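[1] Build the 3D model from these lines:
(chains A and B)
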Amino acid sequence: MPEFDELEARLAALTEADFACGLEVFRGKLTAADASYLNTCVHCGLCAESCHYFRMDPELENIPAAKLKKIAMVFKREYTTVGRFAPGLVGAKAMDTDMARAWVDAVFGRCSLCGRCSMNCTVGIALPRLFRAARAALGAMGLVPSDLQATVDTALQHGNNMAISKTDWVETVQWIEEELQLETGDPEARLPLDRQGAKILFTVNPREPKFFPLSLQASAKVFWAAKEDWTLTADNGWDLTNYGLFNCNDQEAGALTQNLVDAMVRLGCETLVIGECGHGYASARWEGPEWLQQEYPFKVKSILELMDEYLREGRIKVDPAKNPKPVTLHDPCNLVRHGGICEAQRRVLQASAAHFIEMTPNREHNFCCGGGGGQLAMGRYKGRRLQSGGMKAQQIRDTAAEVVVTPCHNCVDQLMELNKEYKLKVQIKTVAEVVADALVS
Amino acid sequence: MSILEFNGKQLELNEEGFLVNPSIWTEELALVLARQEESLDQLSEDHWAVIRFIRAHFLENQAAPMVRSICKSTGIPLKRIYELFASGPAKGACKLAGLPKPDGCV
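    Sure, this is the predicted structure:
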């Protein structure tokens, strides 16, 4: 299997200097709280049932505590006195080729960084933070799966993660503007580009212009109905994604965040609005200022908060009868559990669809669809990704809904695959698509 | 990685069903991929128009085209593209046209 061989080749080439470099990055990531977490796990096993990997494949390797143990072993060996002098006594092990392979398998191959395990943890360990520290260390050793790293590299090189040229982006925006004018019958309906001083800069996921522009059209239709003062930007800064959150290279993540900051400053907008994307929201809203080590001179909002405001303030009107099919909602981990946007999408859907059914469990207790943490970009783990998504497939089936709505393009893509794999026969939509269909004047 | 038996040859597909070596693509192979990956027993003229356009664009630019170019060049409306290829333009149409999997949230 060439891809595994390719990883094996990289593992085989590791030198002592690489291990030292990885450990230095690992150490740099650990706060006092993290160090304490690494000594805290009591192996109660309650996290097992919280992990979609374990629920769909009950192997020891899939238990979050077992993944954490591999990280704690190295921590003890490197940074505790007993671990250094009597490693056998405390289960401490050095970082070496086998351990690096085990880390890759645990934190890239069996984890979507969804954080559901932390909800079950009896002692409150923030497991995703530690898994991210391990990913960062592996990155320093050159062990990020190549397709995940390629997505980051493409974004760094081209300003967006699908290498879309400025011409292609602008032509697509103009095309969607024509489509919007046809749809609304209003020749003045616009997708403004580079409007200096607009209140809002709206950002999108590159898969929208590249392959799925109907969601961009839907968002634009909502802005049109609300008479919003908004703009897109033709130059870098229109891509809201940041796979630096997944390869856990803070420098690269910061460079991608800088594109958004530069666009906001260039255009003098008041609020950066993140389109429907879980990791993009968590990156821009919460992680970005940490990566850049500076506060933004502007506000950041999700388009969900905006649509919620429009409805509350009467800026848009919707008729739920226009969406008669039963609808359920998938909560993206990065937007809800990590991001704190929980009720806005519910209020919006309850207003815009005739039958809204909650999945069980939901909100911050929801299960990952299986596509998070960069899993969609890591082809080698596709089998596990689809298997772990069985949890979500069953949740969806249990609602008997005909439409699954999710405010995240990454989740949309995984749900499309689950739809095919598990023969769910549902439609998959973004929130803006549901709202756009329900708009009335 | 999986192996696709085709004309007595063993062709490599990656974990996601994309051709490992895009240069070995033929129209006959597109039909086999359509059956195996998209559960399509036949390909209509519209399917072929999309596949041929994507293939030609790839050979010229080493990248998948924007869906806008697909629509403009073939004259097929956007919504029809999604009906033709249930897995969408990337995991459906581009896969059948023998392209590598695009980066990003796809």
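[2] I figured A:Leu191 hits A:Glu178, correct?
    No. In this structure A:Leu191 lies outside contact range of A:Glu178 using C-beta atoms under 8 Å: 9.5 Å. From N, CA and C alone the C-beta is placed, and that goes for glycine too.
[3] The two: which is more packed in?
    Counted by other C-beta atoms under 10 Å in any protein chain shown, A:Leu191 and A:Glu178 do not tie: A:Leu191 has more neighbours, with 24 against 12.
[4] what about that one, distance to chain B?
    13 Å (C-beta to the nearest C-beta, to the nearest Å).
[5] Would you mind listing the residues in contact with that residue?
    A:Val173, A:Gln174, A:Ile176, A:Glu177, A:Leu180, A:Leu216, A:Ala220, A:Leu232 (C-beta atoms under 8 Å, 6 or more residues apart in numbering or on different chains).
[6] I'd say A:Glu179 and A:Leu216 touch.
    No. Taking contact to mean C-beta under 8 Å, the distance of 9.7 Å between A:Glu179 and A:Leu216 leaves them out of contact.
[7] higher neighbour count, those two?
    The residue with more neighbours, out of A:Glu179 and A:Leu216, is A:Leu216; 24 against 21, by other C-beta under 10 Å.
[8] can you tell me which residues contact the more buried one?
    So A:Leu216 contacts A:Val173, A:Ile176, A:Leu191, A:Val204, A:Glu208, A:Pro209, A:Gly275 (C-beta under 8 Å, 6+ apart).
[9] Which of the helices or strands spans the closest residue to B:Cys94 other than its chain neighbours?
    Using C-beta to C-beta, 6 or more residues apart in numbering or on different chains and skipping the chain neighbours, the partner closest in space to B:Cys94 is B:Ala64 (4.9 Å). If you go by DSSP states H and E, B:Ala64 is not part of any helix or strand.
[10] nearest residue to A:Lys93 other than its sequence neighbours?
    Counting by C-beta to C-beta, 6+ apart, the residue nearest A:Lys93 is A:Met73, at 4.3 Å.
[11] quick one: secondary structure of that neighbour?
    Applying DSSP: H, G, I helix; E, B strand; the rest coil to A:Met73 yields a three-state assignment of helix.
[12] ok, how many other residues are close to it?
    Applying the criterion other C-beta under 10 Å, we find 21 residues in the vicinity of A:Met73.
[13] Confidence-wise, which helix or strand of the chain is lowest on average?
    Went with chain A since none was named. Using mean pLDDT, DSSP states H and E, helix A:2-12 stands out as the lowest-scoring helix or strand of chain A, at a mean of 80.
[14] which outside residues touch the helix or strand that that one is followed by?
    As assigned by DSSP H and E, the chain's next helix or strand after helix A:2-12 is helix A:16-29. Applying C-beta under 8 Å, 6+ apart, the external contacts of helix A:16-29 come out as A:74, A:78-79, A:95-96, A:100, A:132-134, A:136-142.
[15] from those residues, which ones fall inside helices?
    Judged by DSSP state H, helices contain the following of the contacts of helix A:16-29: A:Val74, A:Glu78, A:Tyr79, A:Ala100, A:Arg132, A:Ala133, A:Ala134, A:Ala136, A:Ala137, A:Leu138, A:Gly139, A:Ala140.
[16] Return the distance of the third one relative to A:Leu138.
    The one in question is A:Tyr79. Distance check for A:Tyr79 against A:Leu138: by C-beta to C-beta, to the nearest Å, it reads 18 Å.
[17] pLDDT value on B:Phe6, please?
    At B:Phe6 the predicted local confidence, pLDDT, stands at 85.
[18] That should have said A:Gly91, apologies.
    As predicted, A:Gly91 sits at a pLDDT of 93.
[19] Can you tell me the closest non-neighbouring residue to it?
    Once its chain neighbours are removed from consideration, A:Gly91 has its nearest residue in A:Met73; the separation is 5.9 Å (C-beta to C-beta, 6+ apart).
[20] Next up, the contacts around A:Thr203.
    For A:Thr203, the set of contacting residues under the criterion of C-beta under 8 Å, 6+ apart consists of A:Leu232, A:Gly237, A:Trp238, A:Asp239, A:Leu240, A:Leu260, A:Leu272, A:Val273, A:Ile274, A:Gly275, A:Gly280, A:Ala284.
[21] Compile these into TSV and extend it with columns for neighbour count.
    Converted to TSV, the contacts of A:Thr203 look like this (neighbours: other C-beta atoms under 10 Å in any protein chain shown):
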residue	neighbour count
A:Leu232	25
A:Gly237	23
A:Trp238	27
A:Asp239	27
A:Leu240	27
A:Leu260	27
A:Leu272	23
A:Val273	24
A:Ile274	29
A:Gly275	25
A:Gly280	30
A:Ala284	28
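[22] And the contacts of the strand or helix carrying A:Tyr310?
    Counting by DSSP H and E, the element that carries A:Tyr310 is helix A:303-312. Counting contacts by C-beta under 8 Å, 6+ apart, the residues outside helix A:303-312 that touch it are A:200, A:202, A:219, A:222, A:225-226, A:228, A:273-276, A:315-316, A:318, A:335, A:341, A:344-345, A:347-348, A:351, A:407, A:431-432, A:435.
[23] about what we covered before: what number of residues lie near the residue nearest to B:Cys94?
    Applying other C-beta under 10 Å, we find 25 other residues in the vicinity of B:Ala64.
[24] Residue of the stretch 201-350 of chain A nearest chain B, please.
    Residue nearest to chain B within the stretch 201-350 of chain A: A:Phe211 (4.4 Å; C-beta to the nearest C-beta).
[25] List the residues that contact that residue.
    By C-beta under 8 Å, 6+ apart, the residues touching A:Phe211 are B:Val67, B:Gly88, B:Pro89, B:Ala90, B:Val106.
[26] Spatially, what comes nearest to it if we skip its sequence neighbours?
    The shortest distance from A:Phe211 to any non-neighbouring residue, by C-beta to C-beta, 6+ apart, is to B:Pro89 (4.4 Å).
[27] Isn't the one you found up against B:Arg68?
    No. Counting by C-beta under 8 Å, B:Arg68 is not a contact partner of B:Pro89; they are 10.6 Å apart.
[28] who has more neighbours, these two?
    For the pair B:Pro89 and B:Arg68, the greater number of neighbours falls to B:Pro89 (28 against 21), based on other C-beta under 10 Å.
[29] No further questions, thank you.
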